[in-house]
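S.K.: I would like the atomic coordinates for the input below:
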Amino acid sequence: MPQNLKSWLLLGVLGLTLLTFYQLIPILSPFLVSILLAYMGDPVVDLLERYKLSRTWGVILVFLLISLILLLLLLVLIPMVGRQLVSLYALTPQLIDWLQVTALPWVQLQLGVDTSAGGLEDLKQMLSENLGKTTGIAQSLLSKFTASSMAFLGMLANLFLIPVVTFYLLRDWDILVGKLRRLLPRSKEALTVHLVGECHEVLGAFMRGQLLVMLALGIVYAVGLMLLGLELGLLIGLLAGLASLVPYMGFIVGIGAALIAGVFQFGLDPYILIGIISVFGIGQALESMLLTPLLVGDRIGLHPVAVIFAILAGGQLFGFTGVLLALPVAAVIMVLLRYLHGQYKESNIYGQFSTDCASISPKEVKQANACTEPINEST
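M.R.: As a prediction, this is how the structure comes out:
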């Protein structure tokens, strides 16, 4: 078969695969969640296998652990967060009053900035009118969601499908990986395995390490703020933990929200403000000196801007499915770009530039700043 025909055939197969994937996006979410859960749980099952436990029993133990965690979330954490959300909703009119009466006049006095707050009054009136209708709003949303029986049944099917698919993927993970490896072209197996290994290292550091860092920081922030007596401490701590997906974002978002909530609840009490700053300072110190070096290390290689862009782009293009795929795809692209960059540095294209620069005069070398670095490296 001619080489051009092979290339066109491969492009056709790739295009057909992408088109099929795009058409199947509405039903892919539970499978992608299952793949991510199986990927994150596989090292735990492998560890249990080293202790002479069968693969199936290892998967069952991991499932029992996950079920216990979810049960604790349902019985303890979710009701607490729900109560704090209701409290936040109830406190919002008072917060608007505080902004109008205290915060904005202070800003205007100190900075001389016009702080017109006409829109805040409308927002306060709307919230006050609907404050006693929280239960009715929840019932209305639930009735609209369940109005379509097919959508409701589809949601239930996805919820039941995730644990089933995850179980089988976890049990047969090593077998599936082995079969995929045997399908690779023999001439490209070593390179492909090397690139996949780099992707696995980056994804493992991020999906396991960074999530554990987020969980630990969320616990530290929430417990610290609740001990200070901050009414919305749990909600702010969890928000700061989630925002820690991007380095320093959790610290900035968390300390800003906590200081505003502290001033609103306690006024300018210096002990509370110092306590809030201390909580986030301790969390930041733990992250930089202990959590990140221990759980993530320097293997991740994803720039914070790349993380933000990947999540936003994935959500914009493919919705929730795109959010699930954003970081794995970004990690794979980063590894491929790193490989292509290495190939370029070793190619004749990159080396030819130094040869051309070596033939020009010293005066031209000084003028051509782009040539100086290759010549210095070659010498």
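
S.K.: After the helix or strand encompassing residue 281, which helix or strand is next?
M.R.: Residue 281 belongs to helix 270-286 when assigned by DSSP states H and E. As assigned by DSSP H and E, the chain's next helix or strand after helix 270-286 is helix 304-346.

S.K.: Helices of the stretch 51-200 of the chain, residue ranges please.
M.R.: Counting by DSSP state H, counting those that start in this stretch, the stretch 51-200 of the chain has these helices, from start to end: 55-72, 78-98, 104-111, 118-130, 134-145, 149-171, 173-182, 189-204.

S.K.: need the least confident one among those helices, by mean pLDDT.
M.R.: Lowest mean pLDDT of the helices of the stretch 51-200 of the chain: helix 134-145, a mean of 49.

S.K.: Number of residues surrounding residue 160?
M.R.: The local packing of residue 160 (other Cβ atoms under 10 Å) involves 11 other residues. The C-beta positions use only the backbone N, C-alpha and C, and glycine is treated the same way.

S.K.: I should have written residue 306 there, sorry.
M.R.: Per other Cβ under 10 Å, the neighbour tally for residue 306 reads 15.

S.K.: Show the model's pLDDT score for it.
M.R.: Note on residue 306: pLDDT of 76.

S.K.: Which strands and helices lie in contact with the helix holding residue 281?
M.R.: Applying 3 or more Cβ pairs under 8 Å, 6 or more residues apart in numbering; DSSP states H and E, we find helix 270-286 packed against helix 211-227, helix 249-266.

S.K.: buried set for that helix?
M.R.: Going by neighbour count (16 or more other Cβ atoms under 10 Å), the buried part of helix 270-286 is 272-273, 275-276, 279-280, 283-284.

S.K.: Equivalent analysis for stretch 284-297, please.
M.R.: Applying a neighbour-count criterion of 16+ other Cβ under 10 Å, one finds 284, 287, 291-292, 295-296 buried in stretch 284-297.

S.K.: just stretch 200-218 next, same as before
M.R.: Quick answer for stretch 200-218 (16+ other Cβ under 10 Å): 201-210, 213-214, 216-218.

S.K.: just those now: which is nearest residue 18?
M.R.: Nearest to residue 18, judged by Cβ to Cβ, of the buried residues of stretch 200-218 is residue 203 at 21.2 Å.

S.K.: quick one: contacts for that closest one?
M.R.: The contact partners of residue 203, taken as Cβ atoms under 8 Å, 6 or more residues apart in numbering, are 39, 327-328, 331.

S.K.: Could you dump these into TSV and include pLDDT?
M.R.: Shown next, in TSV, are the contacts of residue 203 (pLDDT from 0 to 100):
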residue	pLDDT
39	85
327	75
328	77
331	78
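
S.K.: So what's the residue count around residue 261?
M.R.: Around residue 261 there are 22 other residues, counting by other Cβ under 10 Å.

S.K.: Pick out the residue nearest the middle of the protein.
M.R.: Most central in the chain under Cα atoms, centre = their mean is residue 245, positioned 5.1 Å from the mean C-alpha point.

S.K.: wait, what's in contact with the residue nearest to that one when sequence neighbours are not counted?
M.R.: With Cβ to Cβ, 6 or more residues apart in numbering as the criterion, residue 245 has its nearest non-adjacent residue at 6.1 Å, and that residue is residue 214. By Cβ under 8 Å, 6+ apart, the contact list for residue 214 reads 241-242, 244-245, 250.

S.K.: Roughly how far does residue 214 sit from residue 164?
M.R.: Separation of residue 214 from residue 164 (Cβ to Cβ, to the nearest Å) stands at 27 Å.

S.K.: Quick one: residues contacting residue 256.
M.R.: Applying Cβ under 8 Å, 6+ apart to residue 256 gives no contacts.

S.K.: which SSE is the closest residue to residue 169 other than its chain neighbours in?
M.R.: Spatial nearest neighbour of residue 169, excluding adjacent residues (Cβ to Cβ, 6+ apart): residue 38 at 3.8 Å. Using DSSP H and E, residue 38 sits within helix 25-50.

S.K.: Go through that helix and flag the buried ones.
M.R.: By neighbour count with 16+ other Cβ under 10 Å, helix 25-50 contains the buried residues 25, 28-42, 44-45, 48.

S.K.: And stretch 75-94, how far out from the chain middle?
M.R.: Centroid displacement of stretch 75-94 relative to its chain, using Cα atoms, centre = their mean, to the nearest Å, is 24 Å.

S.K.: tell me which residues of it are tucked away?
M.R.: 84, 91, 93.

S.K.: What of stretch 179-196?
M.R.: So stretch 179-196, judged by 16+ other Cβ under 10 Å, has buried residues 195-196.

S.K.: How far does that stretch sit from its chain's centre?
M.R.: Chain-centre distance of stretch 179-196: 29 Å, with Cα atoms, centre = their mean.

S.K.: Equivalent analysis for stretch 261-274, please.
M.R.: Distance of stretch 261-274 from its chain centroid, counting by Cα atoms, centre = their mean, is 31 Å.
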